[in-house]
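Enquirer: got a predicted structure here, sequence first:
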Amino acid sequence: EVQLVESGGGLVQAGGSLRLSCAASGFTFDDYAIGWFRQTPGKERDLGDFVAGITWRSGRQLYADSVKGRFTVSKDTANSTVYLQMNSLKPEDTAVYYCYLDPTSGSRIWGQGTQVTVSS
């Protein structure tokens, strides 16, 4: 069974930083995309906003315009873990952040979510 285990959320003041981690296990996909969506109150998780993602083999990164220059997605191949370094956080970054994994074939897999709260 594929599992995505997230950690690193919390409460931070505006301008601060947090790093989210997503450890993936239980699969043998040859290649996949992995990254983060975020869900704000009133939205369903599957209709949340894309934040950042990385293609595992190539390392190609993709970012939402709202986080470019502030967030960085990276991977630790040895530990099958993806990170989201979030700097210069703003109150509007407050959301539940979900790790996702898109295999080359098959359905999207979601993590359990982690709350990020940025106070003004």
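Expert: Received, thanks. From a predicted model like this one, the values you see are computed outputs, not experimental measurements.
Enquirer: excluding its backbone neighbours, what's nearest Thr55?
Expert: Taking Cβ to Cβ, 6 or more residues apart in numbering, and ignoring the residues beside it in sequence, Thr55 has Ala33 as its nearest neighbour in space, at 5.2 Å. Using the backbone N, CA and C atoms, a C-beta is placed for each residue, glycine as well.
Enquirer: who does the helix or strand containing the one you found pair up with?
Expert: Here Ala33, judged by DSSP states H and E, is contained in strand 32-39. Note on strand 32-39: by DSSP bridges, its sheet partners are strand 49-55 (antiparallel), strand 95-103 (antiparallel).
Enquirer: if we can go back for a sec, list the contacts for the residue nearest to Thr55?
Expert: By Cβ atoms under 8 Å, 6 or more residues apart in numbering, Ala33 lies in contact with Gly53, Ile54, Thr55, Trp56, Leu101, Asp102.
Enquirer: neighbour count and distance to Lys68 for the residues you listed - can I get that in a markdown table?
Expert: Shown next, in a markdown table, are those (neighbours: other Cβ atoms under 10 Å; distance: Cβ to Cβ, whole Å):
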| residue | neighbour count | distance to Lys68 |
| --- | --- | --- |
| Gly53 | 22 | 13 |
| Ile54 | 22 | 14 |
| Thr55 | 16 | 17 |
| Trp56 | 19 | 21 |
| Leu101 | 24 | 22 |
| Asp102 | 17 | 21 |
